[in-house]
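In: Build the 3D model from these lines:
(2 chains)
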Amino acid sequence: MKEFFIKLGDHPIYKKLLKEPLTYVAGAVLLSVFQIAHFTVFGKGWGVTSTFAVWGTWVYNALGGNAGSWAYYASEKMQQELHTSFLADGGSIRNLGIIFGALAATLFASQFKIKKIKTLRQVVAAILGGLLMGYGARLANGCNIGALFTAIASFSLSGWVFGAFLLVGAFIGSKLLAKYFM
Amino acid sequence: MAEFTLDCLGEACPVPLMKTEKKMSELSVGDVLVVSIDHSCAMKNVPEWARKQGHNVEIEEVDDGEWEIVIEKAK
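Out: Numbers count the residues shown, from 1 in each chain, chains lettered A, B, ... in the order given. Next up is the predicted model:
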């Protein structure tokens, strides 16, 4: 059995499809095809972080808060989001799918590894970075998927504006990286 | 013809690439740098950068999710 898997892992087609990284062009084409499929099936563009806001609200409401009265949840569609459950919510399942898909892909490539944390600095940067990304994504009404990728694919000017400032952010971020991590 | 090592285990993009660029600029022609990484996207962008610079590059998979990129400075 073990020999079979070693042989399978060495097979050129298996290597090409599951072990070696796709080219940027192949990745771009696949993303485009899937986002068109997403739009066709669900009637709305692909997004990631709106769901985070909903998760946060679930926690807030569970602790006794009342987010239902907020302007953000004024529409009927958003009201529904407050009362749906995790497994009935498309956005939640899609986000879990990204994580499970990524896990499956590293397992198929036998590249799974639990990485060691090198310095406390990494931990601080990861937590700070995560908080800033989440907060920024909500202020901008989307992340690099909802506000950039899907917006540009929908011929929205806002996507290009988001993209321009994404570059500004990346520039500042790389300066900070060079200062604190080199 | 000295050999140098660079430990980038546990480091995420773009830190391995930035460290490699910096280290390569300190080496002289003919020297070899072995970069240890465990971040799969660095396995793509570090060799790509090095090949674009004209260096000789080899990638070795040393363990599950762990690689050594061997770069020989060519110019």
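In: who in chain A is up against chain B?
Out: A:21, A:106, A:109-113, A:115-118, A:122, A:174, A:177-178, A:181-182 (Cβ under 8 Å from any Cβ of the partner chain). The C-beta positions use only the backbone N, C-alpha and C, and glycine is treated the same way.
In: Point to the residue nearest the middle of chain A.
Out: A:Val48 (5.4 Å; Cα atoms, centre = their mean).
In: Give me the nearest residue to it, chain neighbours excluded.
Out: Nearest residue to A:Val48 in three dimensions, chain neighbours excluded: A:Ile145, at 4.8 Å (Cβ to Cβ, 6 or more residues apart in numbering or on different chains).
In: Can you give me the pLDDT of that neighbour?
Out: In the prediction, the pLDDT value recorded for A:Ile145 is 94.
In: Give me the three-state assignment for it.
Out: Per DSSP: H, G, I helix; E, B strand; the rest coil, the secondary structure class of A:Ile145 is helix.
In: Contact partners for it?
Out: Under the criterion of Cβ atoms under 8 Å, 6 or more residues apart in numbering or on different chains, the neighbours of A:Ile145 are A:Trp46, A:Gly47, A:Val48, A:Thr49.
In: backbone phi and psi for whatever residue of chain B ends up closest to chain A, please?
Out: Residue of chain B nearest chain A, by Cβ to the nearest Cβ: B:Gly65 (3.2 Å). Dihedral pair for B:Gly65: phi 70, psi 20, per degrees, to the nearest 10.
In: Does the residue nearest to the centre of chain A touch A:Ala147 like I think?
Out: No - at 10.0 Å, A:Val48 does not count as touching A:Ala147 under the criterion of Cβ atoms under 8 Å.
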